[in-house]
Structures are given as C-alpha cells and as structure tokens.
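Student: Next come a sequence and a model predicted from it.
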Amino acid sequence: MNKKGITLVEIVISVALISVVMLFLFRLLTDMQYERDHASYAKSNQQVRASIMEHIQNDFQNLGLQSVTLSEDKKSILFAFQNSVSKTLNLTEHSLTYADEETWEMKKDNDDTKIDIGNVEVKKYFPDPSCNDLSSTGNCSTYASYHIIIPVVTGLNTNVIDDIELFYIGLASKMS
C-alpha cells in the first residue's frame with residue numbers, strides 16, 4: 001500500500017536540520033557585520049601602530065640607545081640614550097604617550113580594543129654576563145639586544161590583534 005504524507009519524525013528532523021543551518025548562517029552574518037564595522041578601525045590601528053614604532057625606532061638609531069627599563073607597574077618604559085638623554089613611553093589601557101610630546105589613542109570607535117598593560121615585557125639579551133646594558137664599559141664586545149612587547153588585545157579574551165613590538169640590536173662596547 002502506498003501511503004502519502006509526512007510523518008511527525010520527518011517534520012522534527014527537517015526542523016532540526018533547518019535550525020542548524022540557520023544557526024550557522026546567523027553566526028556567519030554576525031561575523032561579517034563585525035568585520036565590516038571594524039575594518040576602518042583596524043586600518044587606523046595599523047597606521048597608529050606603524051607611526052609609534054617608526055618614531056621610537058628612529059630615536060633608537062639617532063640618539064644611541066643605552067638601556068631600557070620597565071617600571072614595576074608596567075605603565076612606563078624608560079629609554080636612556082647617549083649624552084644623558086632619556087625619554088619615557090607611558091601606557092594606559094587606551095593610549096600611549098611618548099616623551100610627553102606625542103599621544104596615540106588606541107581606542108577610536110571600538111570599545112573592546114585595549115593595551116594589555118599586565119603583559120608588557122622588556123626582554124634583553126646580553127651574551128656577556130658582566131654587561132648589564134649597552135653602556136657597559138667592561139669587555140662587552142658582543143652584540144646585545146632589547147625586545148619590547150606591548151600587547152594590544154580585543155574583546156574579553158586574550159585574542160592578540162596588533163602587538164606593538166620594538167627591537168634593538170647594538171654592539172655594547174661601541175655604545176659607550
């Protein structure tokens with residue numbers, strides 16, 4: 001006998017499959033909306049990041065970096081240069097101020113992007129243990145380096161989007 005019609009089980013399965021497909025489509029549309037809304041911010045953030053790094057790197061080269069010191073609260077980084085010149089990079093969750101002259105705002109139209117101050121790092125590498133910084137006067141004839149990491153995160157998670165990283169490599173005995 002040929003029964004025509006739809007059973008209740010077939011309807012439940014169809015509704016479940018349609019629900020799963022709709023859930024994926026909704027998530028896709030939400031992600032696309034987020035990307036569209038934040039595309040201009042991301043471009044602006046990259047420009048700010050490049051400007052910050054260029055300005056500080058120029059000082060490293062032009063003024064002769066001697067040492068880098070991270071404060072205990074990780075809210076400021078002191079750069080000591082040749083000829084007793086020093087400049088400070090001050091950090092807040094949403095801005096950087098370099099040498100009390102220039103301030104860069106990381107928070108534009110996007111409320112969920114911030115600087116993760118608790119994870120700011122200054123790493124230094126000196127092959128000769130007698131050398132503490134680039135101005136050491138001992139037998140520091142090897143190359144040494146500084147690596148400064150300022151994490152920039154978005155949202156409630158630790159999704160790193162655009163860290164600000166600065167590098168410097170110098171010959172310690174040549175820097176004094």
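Tutor: Perfect, thanks for sending it.

Student: Low-confidence stretches in this protein?
Tutor: Counting by pLDDT under 70, the chain contains low-confidence ranges at 1-2, 37-42, 106-111, 128-130, 132-142, 155-161, 172-176.

Student: In it, where's the longest helix?
Tutor: helix 8-63 (DSSP state H).

Student: quick one: Q66 from K74, how far?
Tutor: When distances are taken as C-beta to C-beta, to the nearest Å, Q66 and K74 turn out to be 21 Å apart. Where you see a C-beta, it was placed from the backbone N, CA and C, and this is true even at glycine.

Student: got it, and V153?
Tutor: Taking C-beta to C-beta as the measure, V153 and K74 are separated by 14 Å.

Student: Direction included, what does the helix or strand where W104 lies pair up with?
Tutor: Using DSSP states H and E, W104 sits within strand 102-105. For strand 102-105, the paired strands and their directions (DSSP bridges) are strand 95-98 (antiparallel).

Student: that older thread, between Q66 and K74, which one's more packed in?
Tutor: For the pair Q66 and K74, the greater number of neighbours falls to Q66 (21 against 16), based on other C-beta atoms under 10 Å.

Student: Tell me the spacing between that one and L89.
Tutor: Taken as C-beta to C-beta, the spacing of Q66 relative to L89 amounts to 15 Å.

Student: and if you look at K75?
Tutor: K75 sits 10 Å away from L89, taking C-beta to C-beta as the criterion.

Student: higher neighbour count, the two?
Tutor: Neighbours around K75 and L89, counted as other C-beta under 10 Å, are more numerous at L89. The numbers are 22 against 15.

Student: So in terms of bridging, what pairs with the more buried one?
Tutor: Residues in a beta bridge with L89, per DSSP bridges, are I77, Y98.

Student: can I assume it is in contact with Y98?
Tutor: Yes. Taking C-beta atoms under 8 Å as the definition, L89 is a contact partner of Y98 at 5.1 Å.
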